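Participant: Fold the following and give me the result.
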Amino acid sequence: MVRTPPYPDTVVEASLPLCRPDPAALPQLEIPQPSAVTTNQRQNEAENCQSKMQGWWDQSISKNMGLPDGYQHVSVLLIKWHDEIDQLEVAQEVRDLEKLFKETFNYQTTVVELDAVKPQLRLECEITRFAFENDAKHNLLILYYAGHGIYNHKEDILYLAAYSGSELPRVSWNEAVRTLVNNVEGDIFALMDCCFASNPYARSILDFSRIFEIMAASGVDQVTPRPGKHSFTRALIESLEALAAQFKDSFFSTRDLHEKVIVKRPNTPPALWRGIPNNNRHVRLSPMKGGQQNQVAGPKKETPRGLLSLQFALRDDRLSQLQIDVLTRTLPKAFHNARAPVHNILWLDFKNARPPRATFKTAATMVTSLNRWKSLPGGSSQSSTSVKRKADQMTPDHSEDTPRNKKMVNGSLDSNSDG
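Facilitator: Sure thing, here's the model as predicted:
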């Protein structure tokens, strides 16, 4: 059956304009963003895995190459101001930390008290003497400071001071440690319980064969609580005690220590910095079994003449302890067979080479949607105008910077700060 149109002799024209819809009338599509918590968790898991693999490598390479497992000698230099001019009164916490290093860890300790008489020369002299008497290839030097910290932004210098503000005495930490970090053979671990401890200072070291780490009580441009139950030193003591009991017959890394302190000070977390570029190795700590003897001068070992850096593209995103053991047994033999004997094979870094798939997918989706949107009549002028208007209405959030700036007066701490 064929139906006859109602208007057989009439032509009906319809105009259907295709126009760009009003963005305000469209439902807002929320593009999922990676969770900050999830990202931090993944980063922490990766760093924990990295630290664990480094520990396996260090122990295994030492066993297979006949090298010392751990440090042969650990020395600690504790720096404070004399009690008569120490405004923060750090003496008790320094004594407790020294006792822990000496009695629990069997480390050699030295306490230096600075006074108002030529404190810069005294500090540099004590640090140089400390390094000269205790430095060696397989040794660890620990430097600890407790007191005021004042950062001068114009000079880019961290000053250690007995008082807050600009009053003397004070010393330049940059100058004091420059010779130390550029000339010693052993590893260095600095513990800084002062305000602005994370601000830049001597970090231009290019020797990949050793470790230089700094654990700072405060972040960049941040202050830290004075001595007491919330202080960095008190959390450090409690964390070292817990880790020493937990790792009686093995090692724990500075990353383990850093995480312990963060748990105790979540509102004022410390920062762990690496002083040597492209070197992600961590200092490993453990009590010295049976104590340690003073270093006896012996024949100087041959200094390596070459440093070979290779990059291995692996199938997996991590190595097992068994795989590391096999590698540390076979690699030295391979170099020996090639008549290129090695002194040591250091673990520097391990990175995940896989691209972030979710981020790439999100970017591709956004680009595709944008191209389709621009292909509609009406162009992108309205969209750009709308976006610009919204951007012009936004102002940067300086809420985090405001309290920091209030604590700074002419590059120094305000008198109300605990730094």
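
Participant: CA only for contacts and neighbour counts going forward, please
Facilitator: OK.

Participant: could you pull out the strands for this protein?
Facilitator: 73-81, 108-114, 139-146, 148-152, 157-161, 170-172, 187-193, 212-216, 252-253, 271-274, 284-285, 408-409, 412-413 (DSSP state E).

Participant: how close does Asn352 get to Glu47?
Facilitator: Applying CA to CA, to the nearest Å, the value for Asn352 to Glu47 is 11 Å.

Participant: who has more neighbours, these two?
Facilitator: Glu47 (16 against 11; other CA atoms under 10 Å).

Participant: Need the per-residue pLDDT for the more buried one.
Facilitator: According to the prediction, Glu47 has pLDDT 70.

Participant: what's near enough to touch Lys102?
Facilitator: 108-109 (CA atoms under 8 Å, 6 or more residues apart in numbering).

Participant: Could you do Leu160 as well?
Facilitator: Per CA under 8 Å, 6+ apart, neighbours of Leu160: 147-150, 170-173.

Participant: you'd agree Val283 is up against Ile211?
Facilitator: Yes: Val283 is within contact range of Ile211, at 6.8 Å (criterion: CA atoms under 8 Å).

Participant: Can you get me a residue count around the nearest residue to Arg281 once chain neighbours are set aside?
Facilitator: Using CA to CA, 6 or more residues apart in numbering and skipping residues adjacent in sequence, the residue nearest Arg281 is Leu348, 5.6 Å away. The tally of other residues near Leu348 (other CA under 10 Å) stands at 17.

Participant: and Leu348, backbone torsions?
Facilitator: With angles defined as degrees, to the nearest 10, Leu348 sits at phi -100, psi -40.

Participant: In a markdown table: the strands of the chain, plus mean pLDDT and distance to Gln59.
Facilitator: Formatted as a markdown table, the strands of the chain follow (pLDDT from 0 to 100; distance: least, CA to CA, whole Å):
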| stretch | mean pLDDT | distance to Gln59 |
| --- | --- | --- |
| strand 73-81 | 97 | 17 |
| strand 108-114 | 97 | 24 |
| strand 139-146 | 96 | 16 |
| strand 148-152 | 91 | 38 |
| strand 157-161 | 92 | 37 |
| strand 170-172 | 93 | 38 |
| strand 187-193 | 94 | 17 |
| strand 212-216 | 92 | 19 |
| strand 252-253 | 90 | 12 |
| strand 271-274 | 87 | 21 |
| strand 284-285 | 90 | 11 |
| strand 408-409 | 40 | 46 |
| strand 412-413 | 42 | 45 |
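
Participant: what residues are up against the nearest residue to Pro227 once chain neighbours are set aside?
Facilitator: Spatially, and ignoring its direct neighbours in sequence, Pro227 is nearest to Val90 (6.1 Å; CA to CA, 6+ apart). Shown in contact with Val90 (CA under 8 Å, 6+ apart): 80, 146-147, 227.

Participant: Now do the domain split for the chain, please.
Facilitator: Under automatic domain parsing, the residue ranges defining each domain of the chain are 46-69+317-353, 71-285.

Participant: Arg305 is nearest to which of those?
Facilitator: domain 46-69+317-353 (10.2 Å; CA to CA).

Participant: First residue to last residue on that closest one, what's the distance there?
Facilitator: End residues of domain 46-69+317-353 are separated by 12 Å (CA to CA).

Participant: So which bits of stretch 262-274 are buried?
Facilitator: Under the neighbour-count criterion of 16 or more other CA atoms under 10 Å, stretch 262-274 has 262, 264-265, 268-272, 274 buried.

Participant: cool, stretch 159-177 as well?
Facilitator: 159-166, 169-177.

Participant: ok, which pair from the buried residues of stretch 262-274 is furthest apart?
Facilitator: Largest separation among these by CA to CA: Lys264 and Arg274, giving 22.1 Å.

Participant: ok, now how distant is Gln59 from Gln311?
Facilitator: 21 Å.

Participant: Between these two, which is the more surrounded one?
Facilitator: Between Gln59 and Gln311, counted using other CA under 10 Å, the more crowded position is Gln59 (18 against 7).

Participant: The more buried one contacts Asp69, correct?
Facilitator: Yes: Gln59 lies in contact with Asp69 (CA under 8 Å); the separation is 6.0 Å.

Participant: With respect to Leu331, which of the buried residues of stretch 262-274 is nearest?
Facilitator: Lowest distance from Leu331 to these (CA to CA) belongs to Arg274, with 27.3 Å.

Participant: quick one, what contacts that closest one?
Facilitator: The contact partners of Arg274, by CA under 8 Å, 6+ apart, come to 211-214, 280.

Participant: again, 7 Å this time
Facilitator: 212-214 (CA atoms under 7 Å, 6 or more residues apart in numbering).

Participant: Next, count neighbours for Arg315.
Facilitator: Counted with other CA under 10 Å, the neighbours of Arg315 add up to 7.

Participant: let me fix that: Ile211
Facilitator: For Ile211, the neighbour count with other CA under 10 Å is 23.

Participant: go on, Ala197?
Facilitator: For Ala197, the count of nearby residues is 31 (other CA under 10 Å).

Participant: what's the answer for Phe196, then?
Facilitator: 26.

Participant: tell me the contacts of it?
Facilitator: 149-151, 218-223.

Participant: Please tell me how far Lys52 sits from Ala161.
Facilitator: Look at Lys52 and Ala161: by CA to CA, they are 38 Å apart.

Participant: go on, Val326?
Facilitator: Separation of Val326 from Ala161 (CA to CA): 51 Å.

Participant: between the contacts of Arg274, which has the most around it?
Facilitator: Most neighbours among the contacts of Arg274, by other CA under 10 Å: Phe212, with 26 neighbours.

Participant: wait, it sits on Asp187?
Facilitator: Yes: contact criterion CA atoms under 7 Å: Phe212 and Asp187 qualify, at 5.9 Å.
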